[in-house]
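> fold the following for me, if possible:
(2 chains)
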Protein chains: 2
Amino acid sequence: MSEVAKSTQSASKKAALKGERAREADHPSSQVVTFGVDRPLRLDCGVDLAPFQIAYQSYGTLNADKSNAILVCHALTGDQHVANTHPVTGKPGWWQTLVGPGKPVDTDRYFVICSNVVGGCMGSTGPSSINPATGKPWGLDFPVITIPDMVRAQAMLIDHFGISKLFAVVGGSMGGMQTLQWTAAYPERVFSALVIACSTRHSAQNIAFHELGRQAVMADPEWQEGRYYEQDRLPRRGLGVARMAAHITYLSDAALHRKFGRRLQDRAVPTFSFDADFEVESYLRHQGSTFVERFDANSYLYLTRAMDYFDIAADHHGKLADAFRGTSTRFCIVSFTSDWLFPTAESRAIVHALNATSARVSFAEIETDKGHDAFLLDEPEFFAIARAFLESAASTHGLTSET
Amino acid sequence: MSEVAKSTQSASKKAALKGERAREADHPSSQVVTFGVDRPLRLDCGVDLAPFQIAYQSYGTLNADKSNAILVCHALTGDQHVANTHPVTGKPGWWQTLVGPGKPVDTDRYFVICSNVVGGCMGSTGPSSINPATGKPWGLDFPVITIPDMVRAQAMLIDHFGISKLFAVVGGSMGGMQTLQWTAAYPERVFSALVIACSTRHSAQNIAFHELGRQAVMADPEWQEGRYYEQDRLPRRGLGVARMAAHITYLSDAALHRKFGRRLQDRAVPTFSFDADFEVESYLRHQGSTFVERFDANSYLYLTRAMDYFDIAADHHGKLADAFRGTSTRFCIVSFTSDWLFPTAESRAIVHALNATSARVSFAEIETDKGHDAFLLDEPEFFAIARAFLESAASTHGLTSET
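Below you'll find the predicted structure:
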């Protein structure tokens, strides 16, 4: 195939992907619950968002007394497609290692729900959705949302199912923040919580990396102050740079060394140029460019902002333990040794606060060199802990294996 | 003053700074040595660079037998203005804490030279210099340079002074790389070497951060494929984003936490917007925007590339110790506990290689929470070690206090 033909094919593939992604924002390949103007989502910023929709996937069967539901909360660039083929990328679900028949989060036994967060771009209302007031995409007119806002929307979805108490809430990274927020905001509705690789508030370094990513997006003239949808433009390079930065923070120095070291890309000697000489450069460029095809740039701004604002202690007069006072939820907190984005010290702070309230909590630090990404990867020790924690909780909750 | 007047003043100040910086590239406020077409700089990429110029500052007096010269090598965004007011920014020299009368690198006693690296933008030939073949700035037509190239140019400068052997070479970060390269390439010309916060080869993670910065610059349409000079444009936002990313890596999580934590910028409550709500955001934006005024974007590409290519062991059939075999240079290697860009393990690798060759080497890891930046900051323990190392070497070298 000629270079021109290849490039044309790649361009048309990109256009098709862009179309698919845009379609997912308003007409997702998921089930959708729409909340009308009579049921607004009260946001922390003071705005009532209405109408709005939440797109979700579910797996397994809800039992008669609705006691076997597990809510999975997704991370920053995740979505509701936990355990099914992704409708845009065609790749397996992002947590298919953990969630599925016979898996630690066993869909033969539990009813698993995952919804796209409000502010996202895969079918729940967000900046790429149509603003009913204007008939155009919201863009930056979309109100700033917070982790508590996301959780409030999820609670409305759970109400819609008529589930009064979730058997478990499970999440890593931004999903872990939502899980913690569930236990703080609705302690009576969460029997158990599996909180992975996260913190109760975003650190200065993490805010710094997010701000870097946002500035990269906003520096791209194609961003058009967030109005790129209407002009059929895309801040491709800015979002790509943001993704590259984020991706470095998801891995560890050791993982990058093991994966790439200083190996050259398809060449024996350096080219003495600004080509992607090193494999790690080529890999990062690829991560940046593919991300753009599946994720909305404005959603990236909104969701990183929500993580930055997250601070459970601040919502409880600066006392973290007060967020969990009197809780009867069972907690399992998991961290990974090489995760420098959410280091073990952050998980220990959660454990200490829970200990101070005499909550039931177990804690595991998993030895791995895979960095923050480890929570999405094949980590048998983590899987074993998740399985044991949920089985023990299920037994206490009166869920038999035959449920 | 009205907002408009302020903005106009700021714009004219920016224009003035830009003019000053551009002037420094060809007509620096430093002494300059020009090497004619008969004395080319043989570059690793195979190109002979000629003519070229090296801009340098010197402090103190060269003694009669030329035995008291110390070469200071600057880091990525540093320059030759080690211990004098910077001609563009008006700020103190970047290492005035370490270098000066009575300081550990004592200019009352030693003759201290620092030259702008080749590829830089403060008067030594680089991509912003005029290409004699075209009469226009080189831009990306400038050949890719390496750390050995920088050192080869410095050796020509030292020849120009008639100095056969340097009493010491001193440098941190990219300056440390040059120092190591000096000891590997010209062992007989270096009596002692003080190597701070660096490594013998750039790690995959460090290459990744550099590539991120380069992509940010190149993504800026103002970059114009490197031809922004001629069009009076400036990839301001791209270089700003690159600097923000780099700046995060120069600090530690602890330093960012201590300096900023989650404090809000001049406000009591978050604005629920994409303004710089957090102090750390405002600080990073400032770092990004001021850097653009004093540094050339193409030089940033070239110098980061030089660091990425650096790999002393690769130049010696993969055996690091072979780079130092038979050396009589005295080494002092220094690292900082919270430096995650060049962690202590990298320094230990240098020490191990030197030990394997029975070289004289002392090693110190300084306890600090300031991250990689610590080598530029007030670190009394580091200063004491630098002073003691140089004094001991001076005594062995026959340099009396009265020199």
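> show me where pLDDT drops low in chain A?
Along chain A, segments meeting pLDDT under 70 span A:1-20, A:401-403.
> quick one, helices of it?
In order along the chain, chain A carries the following helices (DSSP state H): A:3-26, A:147-160, A:174-185, A:204-219, A:236-250, A:253-259, A:279-294, A:297-309, A:344-356, A:380-396.
> could these be laid out in TSV, adding distance to chain B?
For glycine as for every other residue, the C-beta is placed from the backbone atoms N, C-alpha and C. Below are the helices of chain A laid out as TSV (distance: least, Cβ to the nearest Cβ, whole Å):
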stretch	distance to chain B
helix A:3-26	17
helix A:147-160	10
helix A:174-185	14
helix A:204-219	4
helix A:236-250	4
helix A:253-259	4
helix A:279-294	4
helix A:297-309	6
helix A:344-356	9
helix A:380-396	23
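> could you dump these to CSV with mean neighbour count?
Below are the helices of chain A laid out as CSV (neighbours: other Cβ atoms under 10 Å in any protein chain shown):
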stretch, mean neighbour count
helix A:3-26, 13
helix A:147-160, 21
helix A:174-185, 26
helix A:204-219, 25
helix A:236-250, 26
helix A:253-259, 18
helix A:279-294, 20
helix A:297-309, 25
helix A:344-356, 18
helix A:380-396, 17
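> nearest to B:Phe363 among the ones you listed would be which one?
Closest to B:Phe363 of the helices of chain A, according to Cβ to Cβ: helix A:253-259, at 20.9 Å.
> pull the residues that contact that closest one.
Here helix A:253-259 makes contact (Cβ atoms under 8 Å, 6 or more residues apart in numbering or on different chains) with A:248, A:251, A:279-280, A:283, A:338, A:369-371, A:373, B:203-205, B:208, B:340, B:343.
> picking up where we left off before, tell me which of the helices of chain A sits nearest to B:Ser358.
Where these are weighed against each other on Cβ to Cβ, the nearest is helix A:253-259, at 28.9 Å.
> quick one: distance of the closest one to the chain centre.
Mean C-alpha position of helix A:253-259 versus that of the full chain (Cα atoms, centre = their mean, to the nearest Å) differs by 24 Å.
> and stretch A:350-362, by the same measure?
Centre-to-centre, stretch A:350-362 and its host chain are 25 Å apart (Cα atoms, centre = their mean).
> next one: stretch A:275-292
For stretch A:275-292, the distance between its averaged C-alpha position and the chain's averaged C-alpha position is 22 Å (Cα atoms, centre = their mean).
> now do stretch A:234-243
On the basis of Cα atoms, centre = their mean, the separation between the geometric centre of stretch A:234-243 and that of its chain is 19 Å.
> okay, that stretch in PDB with CA atoms only?
Coordinates of the C-alpha atoms in stretch A:234-243 are reproduced here as PDB (Å, rounded to 0.1, in the frame of the first residue of the first chain):
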ATOM      1  CA  LEU A 234     -10.000  18.800  18.100                       C
ATOM      2  CA  PRO A 235      -7.200  19.800  20.400                       C
ATOM      3  CA  ARG A 236      -5.400  16.600  19.400                       C
ATOM      4  CA  ARG A 237      -1.900  17.600  20.200                       C
ATOM      5  CA  GLY A 238      -2.700  19.400  23.500                       C
ATOM      6  CA  LEU A 239      -4.700  16.500  24.800                       C
ATOM      7  CA  GLY A 240      -1.900  14.100  23.500                       C
ATOM      8  CA  VAL A 241       0.700  16.000  25.500                       C
ATOM      9  CA  ALA A 242      -1.600  15.900  28.600                       C
ATOM     10  CA  ARG A 243      -2.000  12.200  28.200                       C
END
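> enumerate every residue touching A:Asn355.
Neighbour list for A:Asn355: A:Val361 [criterion: Cβ under 8 Å, 6+ apart].
> cool, and A:Ile207?
Each residue near A:Ile207 by Cβ under 8 Å, 6+ apart is listed here: A:Asp308, B:Arg262, B:Phe278, B:Val280, B:Glu281.
> so what's A:Ala321 closest to, chain neighbours aside?
What sits nearest to A:Ala321 in space, not counting adjacent residues and going by Cβ to Cβ, 6 or more residues apart in numbering or on different chains, is A:Ala356, at 4.1 Å.
> correct me, but the one you found touches A:Asp322?
No: using Cβ atoms under 8 Å, A:Ala356 makes no contact with A:Asp322, being 9.4 Å away.
> quick one: A:His35 from A:Met156, how far?
If you look again at residue A:35, you'll see it is Phe, not His. From A:Phe35 over to A:Met156 the distance is 6 Å, taken as Cβ to Cβ, to the nearest Å.
> okay, and the common contacts of the two?
Common neighbours of A:Phe35 and A:Met156, counting by Cβ under 8 Å, 6+ apart, are A:Leu41, A:Ile54.
> rewinding a little: any idea which of the contacts of helix A:253-259 is closest to A:Pro380?
Using Cβ to Cβ, A:Lys370 is the member of those that lies nearest A:Pro380, at 12.5 Å.
> now do the contacts for the closest one.
Neighbours of A:Lys370 in contact, by Cβ under 8 Å, 6+ apart: A:Leu251, A:Ser252, A:Ala255, A:Phe336, A:Ser338, A:Leu377, A:Glu379.
> quick one: buried ones out of those?
Taking 16 or more other Cβ atoms under 10 Å in any protein chain shown as the criterion, what is buried in the contacts of A:Lys370 is A:Leu251, A:Ser252, A:Ala255, A:Phe336, A:Ser338, A:Glu379.
> burial measure for the residue of the stretch 51-200 of chain A found nearest chain B, as a count.
Of the stretch 51-200 of chain A, the residue with the smallest distance to chain B, taken as Cβ to the nearest Cβ, is A:Val144 at 4.0 Å. Summarising burial for A:Val144: neighbours were counted as other Cβ atoms under 10 Å in any protein chain shown, giving 22.
> tell me what the nearest residue to A:Gly175 once chain neighbours are set aside is bridged to.
Closest residue in space to A:Gly175, ignoring its immediate chain neighbours: A:Cys73 at 3.7 Å, by Cβ to Cβ, 6+ apart. Beta-bridge pairing of A:Cys73 under DSSP bridges involves A:Gly171.
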